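Chemist: Show me the folded form of this:
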Amino acid sequence: MECQRNISEFFLLGLSSKQSIQVFCFMFFAFCYLAILCGNLLILISIRGSSLFNQPMYYFLSHLSSMDICYTSCVTPKLIGDLLVQRKGISYESCMLQVFAMHFFGIIEVLILTAMAFDRCVAICRPLHYMVIMSRTRCHVLIWASWAGGAAHSFSQFSLLICLPFCGPNEIDHYYCDIFPLLKLACTDTYITGVLVVANSGLIALVTFVLLFGSYVVILLTLRNHSAEGRRKALSTCGSHITVVILFFGPSIFAYLRPPTTFPEDKIFALFYTIIAPMFNPLIYTLRNTEMKKAMKKVWCQKIFSEEKHN
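Modeler: Now for the predicted structure:
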């Protein structure tokens, strides 16, 4: 079946049409993106340059940082650039690519967060068998499974959009190409497509959130039998994970687990899972993590010392 498409470009309406708000947003999101890049690169280099990389939790954290960079780079640079121009155009091909990339890296991040919750659950509930259960081979398998899951999800979402006919309005009421605003522009009945999107993205977000919530309930119940110091250390680590999960999954569930329609609040909620959560991840995983702070001091002090010695 040949796809009918009479338009080659979409126009993004962005967050606001007011010049003063656009200037503020440009400075704010430029700062956010710089913080995301610097924070996640700092985590990546610190973990890869220390013995923490051999520990499953930090192995997953290094991959999470990589996905944060890739995921937010699908949207934020375009958003920042559009705040400097009047007409915020994006080609049809780039729009479809953005949809694919957002769902691809987004689901990988969701599955890595799930793997991290499983890792913490094993560490606290089965500490004597931890290194056997969370072997490096199993960690590799979980990462590859996350990539496979991201590919399967993004291809299914992409296939729902790619053959929709777009022959009328081409203004997207959003700051990036999202599925529901695109369905609104299609010149055909998209009810079934919308239901399939909800069944795919919405249920993935809900099921994953329930699994994560369940794992932390199990962890909290298990901590009752631990010493006060053990509870404090475990709660500090799990608290970081829970904060990330709430920041990411709360807005995601609102965005996708509902009837296929659009609301003015969608753009505000989307900021949380596309920019705000990736920006806070490095702070949450470093400032509240003693081992991470020690590793960062060791790695960066060694680098500074070696450079001074070389000079």
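
Chemist: From now on I want contacts and neighbour counts done on CA atoms only, so please keep to that.
Modeler: OK.

Chemist: And the strands in the stretch 201-311 of the chain?
Modeler: According to DSSP state E, counting those that start in this stretch, the stretch 201-311 of the chain carries no segments that qualify as strands.

Chemist: Where does the prediction get shaky in the stretch 51-200 of the chain?
Modeler: Within the stretch 51-200 of the chain, no stretch falls below the threshold (pLDDT under 70).

Chemist: List of residues touching stretch 83-98?
Modeler: 7-14, 22-23, 25-26, 74-75, 82, 158, 161-162, 176-177 (Cα atoms under 8 Å, 6 or more residues apart in numbering).

Chemist: ignore the last one, stretch 179-191
Modeler: 99, 161, 164-174, 194, 260-262.

Chemist: Which ones among these lie within helices?
Modeler: 99, 161, 194 (DSSP state H).

Chemist: of all these, which comes closest to residue 45?
Modeler: residue 99 (29.4 Å; Cα to Cα).

Chemist: Please report the distance of that closest one from residue 202.
Modeler: 15 Å (Cα to Cα, to the nearest Å).

Chemist: go on, residue 135?
Modeler: The gap separating residue 135 from residue 202 is 32 Å, by Cα to Cα.

Chemist: Can you get me a residue count around residue 221?
Modeler: 10 (other Cα atoms under 10 Å).

Chemist: my guess is residue 253 meets residue 202, correct?
Modeler: Yes. The pair residue 253 / residue 202 is scored as a contact, 6.2 Å apart, by Cα atoms under 8 Å.

Chemist: And residue 135 and residue 202? Which one has more around it.
Modeler: residue 202 (20 against 14).

Chemist: How about that one: what's its closest non-neighbour residue?
Modeler: residue 257 (4.1 Å; Cα to Cα, 6 or more residues apart in numbering).

Chemist: Phi first, then psi, for that neighbour.
Modeler: As for residue 257, its main-chain torsions (degrees, to the nearest 10) stand at phi -100, psi 70.

Chemist: try residue 10
Modeler: The phi/psi pair for residue 10 (degrees, to the nearest 10) is phi -110, psi 160.

Chemist: what's near enough to touch it?
Modeler: Contacts of residue 10 by Cα under 8 Å, 6+ apart are 89-92, 95, 170-172.

Chemist: who wins for neighbours among those?
Modeler: Of these, with other Cα under 10 Å as the count, residue 172 tops at 22 neighbours.

Chemist: Quick check: beta-bridge partners of that residue?
Modeler: residue 12 (DSSP bridges).

Chemist: pretty sure it is touching residue 9, no?
Modeler: No. Judged on Cα under 8 Å, residue 172 makes no contact with residue 9 at a distance of 10.6 Å.

Chemist: what touches both of these two?
Modeler: With Cα under 8 Å, 6+ apart, residue 172 and residue 9 have no common neighbours.

Chemist: Now do the helices in the stretch 51-200 of the chain.
Modeler: Along the stretch 51-200 of the chain, the segments classed as helices by DSSP state H, counting those that start in this stretch run 56-73, 76-82, 92-125, 130-133, 136-162, 179-185, 191-197.
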